[in-house]
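Peer 1: Here's my sequence, what's the structure:
(2 chains)
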Amino acid sequence: MEPILTIENLKTSFMTSNGEVQAVRGVSFTVGKGEIVGLVGESGSGKSVTSMSILRLLADTARIKEGKILFEGEDLAKCSKAQMRKIRGGKISMIFQDPMSSLNPLIPVGKQVAEMIREHHPEKSGEEIRKEVLELFARVRIPEPEKRYKSFPHEFSGGMRQRVMIAMALANRPELLIADEPTTALDVTIQDQILKQLRELEKQFGTSIIFITHDLGVVAELCDRVIVLYGGLVMEEAPIDDIFENPKHPYTLGLLASIPSVDQDKSRRLQPIPGSPPDMTKPPEGCPFAPRCKYARVICGRELPEMTEISQGHRSRCWLLDPEAPAENNPFAETGERGESHE
Amino acid sequence: MSETAMLEVKNLTKHFKAGRGQVVHAVDNVSFVLKKGKTLGLVGESGCGKSSCARTVIRIYEPTEGTILLDGQDISHMKQRELKPLRRKMQMIFQDPYASLNARMTVRDIIAEPLLAHGVVKKKDQANELVYPMLERVGLTKEHANRYAHEFSGGQRQRVGIARALILQPELVICDEPISALDVSIQAQVINLLRDFQEEKGVSYLFIAHDLSMVRYVSDDVGVMYLGQLVEVCESGEIYKNPLHPYTKGLLGSIPIANPRLAREKEKSSIEGDIPSPIAPPSGCRFHTRCPFARPECGERAPVLKDVGGGHMVACHLYG
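Peer 2: Presented below is the predicted three-dimensional model:
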C-alpha cells in the first residue's frame, strides 16, 4: 500500500520544572492510503503526543527533538507556521475527545464549519459555502441541517457535537483524519453510530484515518492495522487479526487479558497488568514494560530490544523473540505453551 | 426472599425541579432487590437515571416517592441525623478519583475520616492501626499514607477511594462507575480488588456502569435503565444469552467486540438517534421513539415490568 504518512524516529519532549519528560522516544510507522490505523496505549504512552506532533499542535513547552514526519514528500517537522496552517484542517484534520471544549460556545455551529471552508477557500462565495456546510451536516446525519445551522453548541447532545466536529474535519476533504479518542466520552449507542460513519467515510472517499484509543473493542471493529505504544515507543505493530489472534508482545497479551470478553467465564479472575506506567522524566533504560512484565529477564531491564519482524507487517519489540531467548517462561517460544493458557 | 435482601427498592421516584415549572423525571417508579453478598449491576446510557437512582438510594437525594429498605429498615424518609449511624452500613465509591478526594488531606486522613466521623476511633493517631492494614489491603503501602492525592495516578487514587469506602466494613457499597475513568490495564486491578472484598466480607454491591461487558462480569443480576425507568432485569448471564427488550438488544449490539473476526460477522442491531429529554419523556413506552418494533399501542400505554419466566423481568408490549 502506498504510504500517505511516514513517521521516522520521532522524538518529542516536554520541558517541565521537573525536568525533561520524554513523551515520545523514537516512534516510527506509516499510514497507507485509505487505511485505518489504530494507535493503542494507556495514558502516558505517547499516543496523543505523537498525533499532536504530526499536526504540530504541541504546547509551548514541547519540542520535536528528532525525526521526520513525511506527508506527501514534505517533512511536517520542518514546515513553517504558515505552511502548517494550510495543512491543518486542509489535507490533514483532527477530531478531539471532548467536542464541547473544541467548539466555540458563542458562535452558531454552522458558522464555525463555514469558517473552516472559508479559511482554506477564500475564493468561494458565502452562498456556496453555506450549501457545502448543509451537505456536510446531512452527510454526518445531523437531522434538520437548515435549522441546526444556526444552533449553538450547548443546544446539542454530546453525540451531535461530535458530528459537528466530524463535519468540520471533513469540510476540506482531508486525505488524513486524526481522531483522538473521539468516542471515549460518548455512550456505546452513540459511539456505534460514529464508528459506522467513520467507516463509511473511509469507503466513500478513501480518507486515511489514524484512530487513537485505549479501547481494544473499538480497534477490532474499525481498524485495519494496529500500533501498540508504551512508554513512548512502538511495542508492537500488526494487521488487525494478528494483534488479536497472534499477539507477540507481553504488553499486548496483558491488555487482551485484562478486558472481559462478552462470554468471559465469571469464575475466572481478570488478569490485570500489575503496577503502573513508567515515569517519563526518567524513562527506563531497557524495555519500558520490563518492570510490569511477568516474563522479564535480566537483559530486559538493561537494554532496549530492537523491533523483530514476525511476518509481513507484524513487528514486535521484545527480547523473548530473540532466537537465543530460552524457552522457559517464554510465551513466544516455539515449543512452549501460550502465556494465557496456563495459570 | 426479602429476609436475604440487603437493599429493597420499591417504586422509587426522583424528580428534580428544572425551573419554569419544568420537572426532570430522573428516576420513575423503579423497583429492585439486591441480595446480601451479591452484586446488582445498573446499566444504561448517560442521562438514563442510574446515578440519580444510586444517589437517592443512599439518601444523598431525597426520594420524591417510593420506599428504600436497607436490611429491612425503611430509610426512605429518615432524617439525616437518624441516618448517620446507618451510613456505616452503606458507603459509596465515586466515578472520578480526581474530584472525590480532598486535595488538602493526606491519604491517611482521607481514609481515617470515616472512622472519626462515626466515632470508631477518638483520635487521629488511633486510626493508624486500622488505616495501615487497609492501605496494604488495597495494594498501597504505609509509605503512601503521608502523601496527598495529587501525587498518585488515577488507579491509585481509586484505591484510596475504595479504602475510604471499605474502612467502616460496610454491608452495602454503591459503586458509581468506579472504573470508567481508569486505563484498561488498571480497571482489572480495581475489579479484582472489589471481588476479593466481596468474597471475604460478603459485601453487597450496587454497581453502576455503562460498560456492559464489565457489568456482566462483576454482577449477579443486571438491570437496564432507560430514561429513568427499569426496562429489563435478570440474571447477568441471561441478559447476554437472551436479551428481550429491544433497547437491551440495541445496547448489546452497540458494544464493540474485541475480536475482529466476530466484529465483522456480527449483525448489528444498533439504536438510531439520541436519548430524549427527561423533562418531557415520550408518552407510553419511553423507548418507542427509537424502537424498531414500536406499534401504535407503545406510544399510548406504558408497559409494566413483569416476570416472563425464571425471574426474567421485562417491560415491553412485545412480551404480552
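Peer 1: Just the strands from chain A, written as ranges.
Peer 2: According to DSSP state E, chain A carries its strands in the segments A:3-16, A:19-32, A:36-40, A:62-71, A:74-75, A:92-95, A:176-180, A:208-213, A:225-230, A:233-239, A:307-311, A:314-317.
Peer 1: what about the top helix by length along chain A, average pLDDT?
Peer 2: Of all segments of type helix in chain A, defined using DSSP state H, the longest is helix A:188-205. Rounded to a whole number, the mean pLDDT of helix A:188-205 is 87.
Peer 1: what do you get for stretch B:281-295?
Peer 2: Averaging pLDDT along stretch B:281-295 gives 93.
Peer 1: is any part of it close to chain A?
Peer 2: No: judged by Cβ under 8 Å from any Cβ of the partner chain, stretch B:281-295 stays clear of chain A, getting no closer than 8.9 Å. Where you see a C-beta, it was placed from the backbone N, CA and C, and this is true even at glycine.
Peer 1: Show residues contacting that stretch.
Peer 2: Around stretch B:281-295, the neighbours that count as contacts under Cβ atoms under 8 Å, 6 or more residues apart in numbering or on different chains are B:25, B:28, B:226-229, B:231, B:245-247, B:250, B:269, B:271-273, B:276, B:297-303, B:315-318.
Peer 1: Among these, which are located in strands?
Peer 2: Of those, the ones assigned to strands by DSSP E are B:His25, B:Asp28, B:Tyr226, B:Gln229, B:Val231.
Peer 1: how much space between the second one and chain A?
Peer 2: Applying Cβ to the nearest Cβ, to the nearest Å, one obtains 20 Å for the distance of B:Asp28 from chain A.
Peer 1: And the residue most central in space within chain A, how far from chain B?
Peer 2: Among the residues of chain A, the smallest C-alpha distance to the mean C-alpha position (Cα atoms, centre = their mean) belongs to A:Ile212, namely 2.3 Å. With distances taken as Cβ to the nearest Cβ, A:Ile212 is found 14 Å from chain B.
Peer 1: Tell me the pLDDT of that residue.
Peer 2: Here the pLDDT value assigned to A:Ile212 is 94.
Peer 1: ok, what's across the strand from it?
Peer 2: With DSSP bridges applied, A:Ile212 shows beta-bridge pairing to A:Leu39, A:Asp180.
Peer 1: Thought A:Ser48 was touching it, still the case?
Peer 2: Yes: counting by Cβ atoms under 8 Å, A:Ile212 sits close enough to A:Ser48 to count as a contact (6.4 Å).
Peer 1: So for these two, which residues contact both of them?
Peer 2: Shared contacts of A:Ile212 and A:Ser48 (Cβ under 8 Å, 6+ apart): A:Asp180.
Peer 1: if I pick the closest residue to A:Leu216 other than its chain neighbours, what's in contact with it?
Peer 2: Take A:Leu216 and drop its neighbours on the chain: the residue closest to it by Cβ to Cβ, 6 or more residues apart in numbering or on different chains is B:Ala258, 4.5 Å away. Neighbouring residues of B:Ala258 by Cβ under 8 Å, 6+ apart: A:Leu216, A:Gly217, A:Val219, A:Ala220, A:Phe244, A:Leu256, A:Ile259, A:Ser261.
Peer 1: Buried members of those into ChimeraX, please.
Peer 2: Selecting the buried subset of the contacts of B:Ala258 in ChimeraX, with 16 or more other Cβ atoms under 10 Å in any protein chain shown as the burial test, is done by:
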select /A:216,217,219,220,244,256,259
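Peer 1: With pLDDT added, can I get the contacts of B:Ala258 in a markdown table?
Peer 2: Supplementary listing: those in a markdown table, determined by pLDDT from 0 to 100:
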| residue | pLDDT |
| --- | --- |
| A:Leu216 | 88 |
| A:Gly217 | 88 |
| A:Val219 | 93 |
| A:Ala220 | 93 |
| A:Phe244 | 94 |
| A:Leu256 | 89 |
| A:Ile259 | 80 |
| A:Ser261 | 72 |
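Peer 1: Name the nearest of the contacts of B:Ala258 relative to A:Phe71.
Peer 2: Closest to A:Phe71 out of the contacts of B:Ala258 is A:Val219 (23.3 Å), distances taken as Cβ to Cβ.
Peer 1: distance of that closest one from chain B?
Peer 2: A:Val219 sits 8 Å away from chain B, going by Cβ to the nearest Cβ.
Peer 1: doesn't A:Val40 make contact with that residue?
Peer 2: Yes: with contact defined as Cβ under 8 Å, A:Val219 and A:Val40 form a contacting pair (6.0 Å).
Peer 1: anything in contact with each of these two?
Peer 2: When contacts are counted by Cβ under 8 Å, 6+ apart, the set common to A:Val219 and A:Val40 consists of A:Thr213, A:Val226.
Peer 1: so B:Glu238 makes contact with B:His312?
Peer 2: Yes: applying Cβ under 8 Å, one finds B:Glu238 in contact with B:His312, separated by 6.0 Å.
Peer 1: average pLDDT for stretch B:126-139?
Peer 2: 90.
Peer 1: starting at the chain centroid, how far to that stretch?
Peer 2: In terms of Cα atoms, centre = their mean, to the nearest Å, the centre of stretch B:126-139 is set 26 Å apart from its chain centre.
Peer 1: pull the CA atoms of that stretch into PDB?
Peer 2: What follows is stretch B:126-139, C-alpha atoms only, in PDB (Å, rounded to 0.1, in the frame of the first residue of the first chain):
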ATOM      1  CA  GLN B 126      -5.600   5.700  66.900                       C
ATOM      2  CA  ALA B 127      -6.800   5.400  63.400                       C
ATOM      3  CA  ASN B 128      -3.400   4.300  62.100                       C
ATOM      4  CA  GLU B 129      -3.700   0.700  63.200                       C
ATOM      5  CA  LEU B 130      -6.900   0.400  61.000                       C
ATOM      6  CA  VAL B 131      -5.700   2.600  58.200                       C
ATOM      7  CA  TYR B 132      -2.300   0.900  57.500                       C
ATOM      8  CA  PRO B 133      -3.700  -2.600  57.000                       C
ATOM      9  CA  MET B 134      -6.400  -1.100  54.800                       C
ATOM     10  CA  LEU B 135      -3.800   0.600  52.700                       C
ATOM     11  CA  GLU B 136      -1.900  -2.600  52.200                       C
ATOM     12  CA  ARG B 137      -5.200  -4.500  51.500                       C
ATOM     13  CA  VAL B 138      -5.900  -2.200  48.500                       C
ATOM     14  CA  GLY B 139      -2.300  -2.500  47.200                       C
END
